[in-house]
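Trainee: for reference, the sequence and a predicted model appear below.
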Amino acid sequence: MAGWIARGAWVLVAIVGGAAIDGALADRSDAVRWVAGAGCWTLWGLVMAALAVPAVRSLTIARVGAPLSLVVAVVAAVAGTPALDLALLVVPAVVACVAIFTADFGRAFVQASSYGDEERLPLRFPVAAGSAALVMWVIWAPALLLGPVLIAAKNPIVGGVLTLLAVAGIVLLVPKWHRLSRRWLVLVPAGLVVHDPVVLADTLMVRTDQLAGMRLAPADTEAADLTGPASGFAIEVQASETVTTVFAFTPQEPNGRAIHMTGFLISPSRPGEALRTAAARGIPVS
């Protein structure tokens, strides 16, 4: 459902929201209007294509690209766009962004890239990594939108610097943001997999015969925290024997840090669904 809401709202961004952009560009030069218009249509097309083809990469494109429409709305407001035209852009853009960032949307797009008999369940963002991604996006987004426009407005120095920052962000930051879309709990016939390139150096696999059970983690749990950490409810996975994993490489620990554990915590975006899915696959759930 969230996917269809996002698609419908994103279509409305172009149909009823275009007047806000036209109003903001009414008194600008032909070059500025052309660059801004081409940029807005490119953004809309990329996100629309991502929404039309569910996949993990599409999830990243939609979550990075759709909120740019809100930055466009801010620029349009500063440029003096009439309030009604601005509302016709902001309302569908907000609806689309809210739908795109729901757990239901993430689950559908992650599952669309699954292989064979597996269930992919997205994990919630770690607080630190998620916050850093948000701050970097807030810096990058205005540079992406304003850089080319300022060049077209004959301000090549500022526009050039912002455009270079935007290109550097695409090269350096987008792969990091994509890693946040590639964090899953995966239930497979052979057991359970934690695929988390942000927290772990390698995929953690727990075989069915090693699984003692799963449950909502109690407050006093002593299980190893593999959530990031993330906020909200965590699930505790209990093993019948010791399993080993390695935390992701950091400047302080360039070789990672291996831990041996008989229980660990993960943070699916929908913990109740994760437990129901695990139970349906024969994993003991309490």
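Mentor: On my side now, so go ahead.
Trainee: what residues of the longest helix along the chain count as buried?
Mentor: The longest helix of the chain (DSSP state H) is helix 127-152. Neighbour-count burial for helix 127-152, counted by 16 or more other Cβ atoms under 10 Å, picks out 129-130, 133, 137, 140-152. Every residue, glycine included, has its C-beta placed from N, CA and C.
Trainee: in the helix or strand bottoming out on mean pLDDT in the chain, what's buried?
Mentor: Scoring the helices and strands of the chain by mean pLDDT, DSSP states H and E places helix 18-25 at the bottom, with a mean of 85. By 16+ other Cβ under 10 Å, the buried positions in helix 18-25 come out as 18-21, 23-25.
Trainee: so L46 is in contact with T60, correct?
Mentor: No: the criterion here is Cβ atoms under 8 Å, and L46 misses it with T60 at 11.3 Å.
Trainee: more crowded one of these two?
Mentor: T60 (20 against 17; other Cβ atoms under 10 Å).
Trainee: tell me the contacts of the more buried one?
Mentor: Listed by Cβ atoms under 8 Å, 6 or more residues apart in numbering, the contact partners of T60 are 174, 177-178, 180-181.
Trainee: could those go into CSV alongside pLDDT?
Mentor: Shown next, in CSV, are those (pLDDT from 0 to 100):
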residue, pLDDT
V174, 95
W177, 96
H178, 96
L180, 95
S181, 96
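Trainee: buried ones among those residues?
Mentor: 177-178, 180-181.
Trainee: you'd agree G3 is up against A108?
Mentor: Yes: contact criterion Cβ under 8 Å: G3 and A108 qualify, at 5.5 Å.
Trainee: anything in contact with each of these two?
Mentor: Common neighbours of G3 and A108 (Cβ under 8 Å, 6+ apart) are P54.
Trainee: which one of those two has more residues nearby?
Mentor: Between G3 and A108, counted using other Cβ under 10 Å, the more crowded position is G3 (19 against 16).
Trainee: and the contacts of the helix or strand where that one lies?
Mentor: Using DSSP states H and E, G3 sits in helix 2-15. Helix 2-15 has contacts (Cβ under 8 Å, 6+ apart) with 44, 47-48, 51-52, 54, 62, 66, 69, 89, 92-93, 95-96, 99-100, 102, 104-105, 108-109.
Trainee: what sits up against stretch 248-262?
Mentor: 197-201, 223-224, 238-247.
Trainee: one more time with 6 Å
Mentor: If you take Cβ atoms under 6 Å, 6 or more residues apart in numbering as the criterion, stretch 248-262 is touched by 199-201, 224, 239, 242, 244, 246-247.
Trainee: buried subset of those?
Mentor: Buried members of those, counted by 16+ other Cβ under 10 Å: 199-201, 224, 239.
Trainee: using TSV, lay out these together with distance to S113, pLDDT and secondary structure.
Mentor: Shown next, in TSV, are these (distance: Cβ to Cβ, whole Å; pLDDT from 0 to 100; DSSP: H, G, I helix; E, B strand; the rest coil):
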residue	distance to S113	pLDDT	secondary structure
V199	20	94	coil
L200	19	94	strand
A201	22	91	coil
A224	28	95	strand
A239	27	94	strand
